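Colleague: any chance you can model this:
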Amino acid sequence: EPDVVLACAGDVPTQEVLAAAQLLRRHLPEVAVRVVNVVDIARLMPAREHPHGMTDFEYDGLFTADKPVIFAYHGYPWLIHRLAYRRTGHGHLHVRGYKEIGTTTTPFDMVVSNDLDRYRLVMDVIDRVPGLAVRAAAVRQRMEDARLRHHAWIREHGMDLPEVADWSWEG
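Modeller: Have a look, this model is predicted:
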């Protein structure tokens, strides 16, 4: 049983969710994380409402009924909420998506500007998993510092931090 579900839909959020899972494994290995990649967002709808939809049993099996779900979406967050609003765990669903903030500098800068980056996702996990906020305060600060470091770097160099640009999944 996971402590938190990191979910995503789309290519950029998928990379950010995997990196957030890679960061959580390194900094908070005791936190059980489930990663769910939603390829067809119609699957979030109930089966009785859409032919691609999941039954409540299937949905709860993936997303749980009572654990925090941090969902990264390459679009407007309201759409994911609208598709899943009748699900048991909807009250635990937090969606990160585009808010039309920022300018086109680099892809990572755009996700940082919209709070969809790996560091923000880790901070969301820390903020939403019960009991984690106090014992993981130093990790949360490290993630905030990484966002600030990115902000300064991108303005000075015009490109992403090397740790972002050269990132690859270690599996």
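
Colleague: surely Met143 touches Asp115?
Modeller: No. Met143 sits out of contact with Asp115 when judged by Cβ atoms under 8 Å, with a separation of 11.8 Å. (Each C-beta comes from the backbone N, C-alpha and C, glycine too.)

Colleague: show me which of these two is the more surrounded one.
Modeller: Here Met143 and Asp115 are compared on neighbour count by other Cβ atoms under 10 Å; more neighbours surround Met143, at 23 against 18.

Colleague: just the C-alphas of the helix or strand the more buried one falls within, formatted as PDB.
Modeller: Following DSSP states H and E, one finds Met143 within helix 137-157. As requested, the backbone C-alpha atoms of helix 137-157 are provided in PDB (Å, rounded to 0.1, in the frame of the first residue of the first chain):
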ATOM      1  CA  ALA A 137      11.300  19.700   6.700                       C
ATOM      2  CA  ALA A 138      15.000  19.700   5.700                       C
ATOM      3  CA  VAL A 139      14.300  17.800   2.400                       C
ATOM      4  CA  ARG A 140      11.400  20.300   1.700                       C
ATOM      5  CA  GLN A 141      13.800  23.200   2.200                       C
ATOM      6  CA  ARG A 142      16.400  21.500  -0.100                       C
ATOM      7  CA  MET A 143      13.700  21.200  -2.800                       C
ATOM      8  CA  GLU A 144      12.800  24.900  -2.400                       C
ATOM      9  CA  ASP A 145      16.500  25.800  -2.600                       C
ATOM     10  CA  ALA A 146      16.800  23.800  -5.800                       C
ATOM     11  CA  ARG A 147      13.900  25.900  -7.300                       C
ATOM     12  CA  LEU A 148      15.600  29.100  -6.200                       C
ATOM     13  CA  ARG A 149      19.000  27.900  -7.600                       C
ATOM     14  CA  HIS A 150      17.200  27.100 -10.900                       C
ATOM     15  CA  HIS A 151      15.700  30.600 -11.000                       C
ATOM     16  CA  ALA A 152      19.000  32.300 -10.600                       C
ATOM     17  CA  TRP A 153      20.800  29.900 -13.000                       C
ATOM     18  CA  ILE A 154      18.300  30.300 -15.800                       C
ATOM     19  CA  ARG A 155      18.500  34.100 -15.600                       C
ATOM     20  CA  GLU A 156      22.300  34.100 -15.700                       C
ATOM     21  CA  HIS A 157      23.000  31.300 -18.200                       C
END
